[in-house]
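[1] missing the sequence, but the structure's below:
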């Protein structure tokens, strides 16, 4: 099996070197960069499997670097933030990051989070079937919700006939909704099913991704059920 290539952008020499060694001990190939501009160059040259970006790096900050990466690729991105309550967490997610880890972090926790993200990206068609509400299936298993069409097999989404570009995390989120239209899905359930969290996670990750998804498929397509979660309108 091919080794997983990680781009790690961190300006603190001690953290960068220690984390690189820890990841390499776990079998990852790591390209480390001390600033955002170097990180962007390495991303374009090496095309890694996943990017770990510290929010506060010189030259090109982590949030801006995430936006640049997302303009070019759907590669998974994990942001590293020094404060769990920082606005930087939300900004990173809004920029297109798939998840975040708070510093200081335990090496085992970081590795577990990386593997969870990679599992999601390798198995983007995970959500199951067999729920009460059934969407219309016009042909070939394609699901239709008004002018929105979701093809779980072809991993394609169209709105009013035009293809919609989603990241793998956004696609998994939409598949989870489309497998149970009209059913309210809690944030905790979405964290477990989409983000592969077997433990409690930050629901801001869900909220920001839902808002990003709404921006692509229609603001009124996913309804907020206050105090409970979200549901897809059939």
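    All right, it came through fine. Computed from a predicted model, the values in this text were never measured in an experiment.
[2] which element is residue 208 on?
    helix 204-217 (DSSP states H and E).
[3] what of residue 79?
    strand 77-81.
[4] which other helices and strands contact the helix or strand just after that strand?
    For strand 77-81, the following helix or strand on the C-terminal side (DSSP H and E) is helix 87-94. With contacts defined as 3 or more Cβ pairs under 8 Å, 6 or more residues apart in numbering; DSSP states H and E, helix 87-94 has these neighbours: helix 62-72, strand 77-81, strand 99-102, helix 204-217. (C-beta placed from N, C-alpha, C; glycine too.)
[5] what about the third one, average pLDDT?
    Mean pLDDT, strand 99-102: 89.
[6] scan the protein for its longest helix.
    When the chain is parsed with DSSP state H, its longest helix is helix 107-122.
[7] what's the residue most central in space within the chain in contact with, if anything?
    In the chain, the residue lying closest to the centroid (Cα atoms, centre = their mean) is residue 98, at 2.4 Å. Neighbour list for residue 98: 76, 77, 78, 117, 120, 167, 168, 169 [criterion: Cβ atoms under 8 Å, 6 or more residues apart in numbering].
[8] would you turn the residues you listed into JSON lines with distance to residue 110, pLDDT and neighbour count?
    Formatted as JSON lines, these follow (distance: Cβ to Cβ, whole Å; pLDDT from 0 to 100; neighbours: other Cβ atoms under 10 Å):
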{"residue": "76", "distance to residue 110": "14", "pLDDT": "94", "neighbour count": "21"}
{"residue": "77", "distance to residue 110": "14", "pLDDT": "96", "neighbour count": "27"}
{"residue": "78", "distance to residue 110": "8", "pLDDT": "95", "neighbour count": "22"}
{"residue": "117", "distance to residue 110": "11", "pLDDT": "88", "neighbour count": "21"}
{"residue": "120", "distance to residue 110": "16", "pLDDT": "78", "neighbour count": "21"}
{"residue": "167", "distance to residue 110": "21", "pLDDT": "89", "neighbour count": "23"}
{"residue": "168", "distance to residue 110": "20", "pLDDT": "88", "neighbour count": "18"}
{"residue": "169", "distance to residue 110": "18", "pLDDT": "91", "neighbour count": "25"}
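[9] how many residues are close by residue 104?
    Counted with other Cβ atoms under 10 Å, the neighbours of residue 104 add up to 8.
[10] and the angle for the helix holding residue 208 with helix 87-94?
    The directions of helix 204-217 and helix 87-94 differ by 40 degrees, with axes from the mean of the first three to the mean of the last three Cα atoms, to 10 degrees as the criterion.
[11] just checking, what packs against helix 204-217?
    In terms of contacts (3+ Cβ pairs under 8 Å, 6+ apart), helix 204-217 is packed against helix 87-94, strand 156-159, helix 168-178, helix 187-194, strand 222-225.
[12] out of these, flag the one nearest residue 210.
    strand 222-225 (5.9 Å; Cβ to Cβ).
[13] rounded mean pLDDT for the closest one, please.
    In this model, strand 222-225 has an average pLDDT of 95.
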